[in-house]
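Chemist: Task: produce atomic coordinates for the following.
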Amino acid sequence: MVYNHVEFLKTTLESFVNQKTDFQFEVLVHDDASTDGSQEIIRAFADAYPSIIKPIYQDENQWKLNNRNPLIHELFPKAKGKYIALCEGDDFWTSTDKLQSQVDFLDHNPEFSAICANSEVWEKDRVTYDYKNIKWNWLGRSFSDELTVYDLSTHLFPHTSSWLFVNDFELSEDHETFVVGDVPLFLLMADKGRIKYVDRVLSVYRQHGGGVTNELRKRHALEHVNSLSEMLLSLDAFMGHRHSLSLKKATIELHAIALRDHASIGNLSRALKQLNDWGLLGTQSLYRLTLAFCQGLAQRIKRQFSKRFKSITPSAKSE
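Modeler: Just a heads-up that it's a prediction; the model follows:
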């Protein structure tokens, strides 16, 4: 999907057409009414690679006009291949065998519904983070060879640009109202089969703005976590309650992470009430939330003490 990505789009499209495969593939490029020259770049690639690049142009921005997700209404319905890979207009694939290697694995392992890999995170055109290490630093866990429903529900999964999955799924009617789009999609893949992780960098995710850590911190704010939890409970019903235990456990863990990062008595009270309303408050969940609250409180005290210590150090030296 493209919107005003002129600065990065050529690199992105080149990473697609440079894929070396023993099968044919097409790239659906949806431009959501860009105004910066992105459409001209897409047209040039479509002219040069007509069998690969299939453009879709919008005269008006669909997100702003109707709050319509182009992925749901334009791209998924038009995708004709056996598998689907996703990549935003400012990200790109780093290996020319990205598609071939992933398709080979899924073809030879039909019990798997998806495969994904590691990514580099770039800020200002330079490598800033390793996506796997970000998750480790934030969640205290890293990717294993296979990703579970619990992993996906607690945001322990690689960046979307690294994925390839089967083109055989049905989205929930509520999908477009969910607070995020990647988690429910990947959970549907986990419901259909196993998910393979390969510890190899296959894409670059360009991070703009406040940085990945700030994005994750905002993502786990309590209000956002409540929306995520409501999404998980809705998906649990949509998937026939086949993963209830994992999704409920993830809901508790998401609230614990939010309390760790935003520790206050008010947030603790709201989290306990919310879990109680959902019927998820018990001895184990109460212990997990209380522990997270204490950890967050200790971190706040440590930060405040560190700031105070730094502020008095110059005066001590001057004496």
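
Chemist: Just list the residues touching the residue nearest to residue 227 when sequence neighbours are not counted, thanks.
Modeler: Among residues not flanking residue 227 along the chain, residue 179 sits closest, at 4.0 Å (CB to CB, 6 or more residues apart in numbering). Any C-beta I mention is one placed from the backbone N, CA and C, and that applies to glycine too. Residues near residue 179 by CB atoms under 8 Å, 6 or more residues apart in numbering: 224, 227-228, 231.

Chemist: any idea how far residue 55 is from residue 179?
Modeler: 30 Å (CB to CB, to the nearest Å).

Chemist: just residue 172 next, same as before
Modeler: The gap separating residue 172 from residue 55 is 29 Å, by CB to CB.

Chemist: With residue 113 instead?
Modeler: 29 Å.

Chemist: Residue 142 too?
Modeler: Distance, residue 142 to residue 55, using CB to CB: 38 Å.

Chemist: Could you do residue 155 as well?
Modeler: 32 Å.

Chemist: Neighbour count: those two, which is higher?
Modeler: Using other CB atoms under 10 Å as the criterion, residue 155 and residue 55 rank with residue 155 on top: 20 against 15.

Chemist: secondary structure class for the more buried one?
Modeler: coil (DSSP: H, G, I helix; E, B strand; the rest coil).

Chemist: Check the one 10 residues further on too.
Modeler: Per three-state DSSP, the local secondary structure of residue 165 is strand.

Chemist: okay, now it: neighbour count?
Modeler: 24.

Chemist: what's near enough to touch it?
Modeler: By CB under 8 Å, 6+ apart, the contact list for residue 165 reads 83-85, 113-115, 185-186, 189.

Chemist: bridging residues for it?
Modeler: residue 84, residue 114 (DSSP bridges).

Chemist: Pull up the gap between it and residue 203, please.
Modeler: For residue 165, the distance to residue 203 - CB to CB - is 15 Å.

Chemist: Please apply the same query to residue 9.
Modeler: Plainly put, residue 9 is 15 Å away from residue 203 if you go by CB to CB.

Chemist: all strands of the chain, in order?
Modeler: Taking DSSP state E, the strands of the chain run over residues 27-31, 53-57, 83-85, 92-93, 112-122, 127-130, 146-147, 164-166, 194-206.

Chemist: Could you dump these into CSV and include distance to residue 279?
Modeler: Below are the strands of the chain laid out as CSV (distance: least, CB to CB, whole Å):
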stretch, distance to residue 279
strand 27-31, 41
strand 53-57, 44
strand 83-85, 36
strand 92-93, 44
strand 112-122, 30
strand 127-130, 38
strand 146-147, 27
strand 164-166, 32
strand 194-206, 29
